[in-house]
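In: The following comprises the amino acid sequence and a computationally predicted model.
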Amino acid sequence: MTGIGIAGAGAFGTALGVVLAQSGRRATIWAHQAAFADRIRNSNENPRLPGVALPENLSVTSEIADIAECDLVLLTTPMQALASVLETHGPVLKARHMVACCKGVDLATGRGPSAIIAESCTGVVPAVLTGPSFAADIARGLPTALTLACADAKAGIALQERLSTPTLRLYRSSDTVGAELGGALKNVMAIAAGIVIGTGLGESARAALITRGFAEMQRFAQSYGAEPETLAGLSGFGDLVLTCTSQQSRNFGYGVALGRNAWFDPEITVEGAATARAVAAIARARGIDMPVTQSVAQVIDGHRSIEEAVKILLSRPLKEE
Ligand SMILES: NC(=O)C1=CN([C@@H]2O[C@H](COP(=O)(O)OP(=O)(O)OC[C@H]3O[C@@H](n4cnc5c(N)ncnc54)[C@H](O)[C@@H]3O)[C@@H](O)[C@H]2O)C=CC1
Ligand SMILES: O=C(CO)COP(=O)(O)O
């Protein structure tokens, strides 16, 4: 079967489903809870993506069997759910290609999405779709440009063509590790940028944070063999800029709330929190200097106050840029 299965009924999976269906592709969204699938079908709208009507050729199901025959599956669950979803349902999915659309590092194993796919679904070619895009912008048909990364060049070309639409423009890369690490790490920096703004440290401090955060992202990704050009592209620098500067970002919003000591809805997906913990632990173990990430992990876990973290960051030894 040539349909597209979308595993994960959140804002992003729904937005991709909408834009793909609008450009004539047959797509089915799988939700892990039957009641949630019913709610979407009955209202023809996903509460995670309010105000967007679902086109007729976009189906919603809670039966994994309904996407089992799709030759292409987009994985749109939150990152920390990916391993368990593939462990439970991977064996029934017959897709040749799986595209990870989630951003982060698995806290339990320290793995990124493509490694998790490769491990749980033998014979599947893993790919990654990532870059600067808010689900609401994609669903409204606003122009967006993303990176489609796949180590298999032929598969990458086919996926790029299949998933591009008149408003969703995909650039190709063969550096899956670089692409997925850019998307994972920028969320940690967005929390830090939110903290900077929430505590009133100012726009200049945010620009410094973004720049030094980017240096940190490059150090970490290059230690995994990522290409510097990938980090400088849409999946790294592009998404870093969007997420650190937009009120629409949940990671940025979480950081602002931390900075203001304000309540933040725990139901909201904030990928950067678990990823900060995962990356901080890996960086410590591998001896990679990641001061911003370490500070974010310590602040969200209550091991350090924001004031202390800022003082420590500013009193690090002076060095060359
Ligand atoms: N919302 C956005 O603008 C964008 C999101 N992403 C990424 O997409 C991924 C998903 O994010 P959103 O769609 O925004 O999340 P969301 O918060 O809108 O929805 C999360 C949904 O995931 C599903 N889910 C949760 N746990 C699950 C499990 N154990 N098994 C199966 N499904 C489960 C549920 O349907 C839930 O509603 C994240 O990694 C995020 O970083 C990427 C680009 C843009
Ligand atoms: O990844 C995103 C934009 O590219 C969405 O960011 P948030 O998860 O912070 O809302």
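Out: Cool, got the structure. Numbering: from 1, shown residues only. Ligands and ions are numbered 1, 2, ... in the order given.

In: which parts of this structure sit against ligand 1?
Out: 8-13, 31-32, 36, 48, 76-79, 81, 85, 101-104, 133-135, 269, 271 (CB under 6 Å from any ligand atom). C-beta: built from backbone N, CA, C; applies to glycine.

In: Which ones among the residues you listed also lie next to ligand 2?
Out: Answer for these near ligand 2 (CB under 6 Å from any ligand atom): 103, 133-134, 271.

In: Show only the entries of those found in strands.
Out: Among those, no residue falls in strands (DSSP state E).

In: Could I get these in CSV, plus columns for distance to Leu314, neighbour count and pLDDT?
Out: Shown next, in CSV, are these (distance: CB to CB, whole Å; neighbours: other CB atoms under 10 Å; pLDDT from 0 to 100):
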residue, distance to Leu314, neighbour count, pLDDT
Lys103, 29, 28, 98
Ser133, 33, 22, 98
Phe134, 32, 19, 98
Glu271, 27, 24, 98
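
In: Of those residues, which is the nearest to Glu227?
Out: Lys103 (18.4 Å; CB to CB).

In: Just confirm that closest one contacts Thr130, I think it does.
Out: Yes: Lys103 lies in contact with Thr130 (CB atoms under 8 Å); the separation is 6.2 Å.

In: joint contacts of the two?
Out: Common neighbours of Lys103 and Thr130 (criterion: CB atoms under 8 Å, 6 or more residues apart in numbering): 180, 183.

In: where do the strands sit along the stretch 51-200 of the chain?
Out: Under the criterion DSSP state E, counting those that start in this stretch, the stretch 51-200 of the chain carries strands at the ranges 58-61, 72-75, 97-100, 125-130, 144-150, 168-173.

In: who's in contact with the first one?
Out: Outside strand 58-61, the residues within contact range by CB under 8 Å, 6+ apart are 9, 17-18, 20-21, 27-31, 37, 40-41, 54, 66-67.

In: swap in the last one?
Out: Contacts of strand 168-173 with the rest of the structure, by CB under 8 Å, 6+ apart, involve 19, 129, 131, 133, 138, 143-150, 156-157, 160, 163-164, 179, 230, 233-235.

In: which ones are touching the residue nearest the centre of the chain?
Out: What sits nearest the mean C-alpha location of the chain, by CA atoms, centre = their mean, is Lys103, with 2.3 Å. When contacts are counted by CB under 8 Å, 6+ apart, Lys103 is found next to 79, 130, 180, 183-184, 186-187, 271, 275.

In: ok, of these, which come out buried?
Out: 79, 130, 180, 183-184, 186-187, 271, 275 (16 or more other CB atoms under 10 Å).

In: Sort out for me which of those are in helices.
Out: Among these, the subset assigned to helices under DSSP state H consists of 79, 180, 183-184, 186-187, 271, 275.

In: Any regions of the stretch 1-150 of the chain where pLDDT drops low?
Out: Flagging of the stretch 1-150 of the chain using pLDDT under 70 yields the residue ranges 1.

In: can you give me the helices for it?
Out: For the stretch 1-150 of the chain, helices defined by DSSP state H, counting those that start in this stretch occupy the ranges 11-22, 34-43, 65-68, 79-89, 113-120, 135-139.

In: Give me the number of neighbouring residues for whatever residue of the chain ends up closest to ligand 1.
Out: Closest residue of the chain to ligand 1, CB to the nearest ligand atom: Gly10 (2.2 Å). Using other CB atoms under 10 Å, the number of residues around Gly10 comes to 21.

In: That one contacts Glu271, doesn't it?
Out: No: at 11.1 Å, Gly10 does not count as touching Glu271 under the criterion of CB under 8 Å.

In: residues shared between the contacts of those two?
Out: Shared contacts of Gly10 and Glu271 (CB under 8 Å, 6+ apart): Pro78.

In: so how far is ligand 2 from Thr88?
Out: Between Thr88 and ligand 2 the distance is 24 Å, computed by CB to the nearest ligand atom, to the nearest Å.

In: so how many other residues sit close to that residue?
Out: When neighbours are counted by other CB under 10 Å, Thr88 comes out with 12.

In: Same question for Thr144.
Out: Neighbours of Thr144 (other CB under 10 Å): 20.

In: can you pull the contacts of the nearest residue in space to it that is not next to it in sequence?
Out: With sequence-adjacent residues excluded and distances taken as CB to CB, 6 or more residues apart in numbering, Thr144 is closest to Ser133, at 4.2 Å. Ser133 is in contact with 144-146, 168, 242, counting by CB under 8 Å, 6+ apart.

In: Next, the contact list for the closest residue to Ala31 other than its chain neighbours, please.
Out: Once flanking residues are discounted, Ala31 sits nearest to Ala9: 3.5 Å by CB to CB, 6+ apart. Contact analysis of Ala9 by CB under 8 Å, 6+ apart lists 29-32, 36-37, 40, 46, 48, 60, 76.

In: so can I have TSV of these showing neighbour count?
Out: Converted to TSV, the contacts of Ala9 look like this (neighbours: other CB atoms under 10 Å):
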residue	neighbour count
Ile29	30
Trp30	28
Ala31	24
His32	17
Phe36	16
Ala37	21
Ile40	23
Asn46	26
Arg48	19
Val60	23
Thr76	26
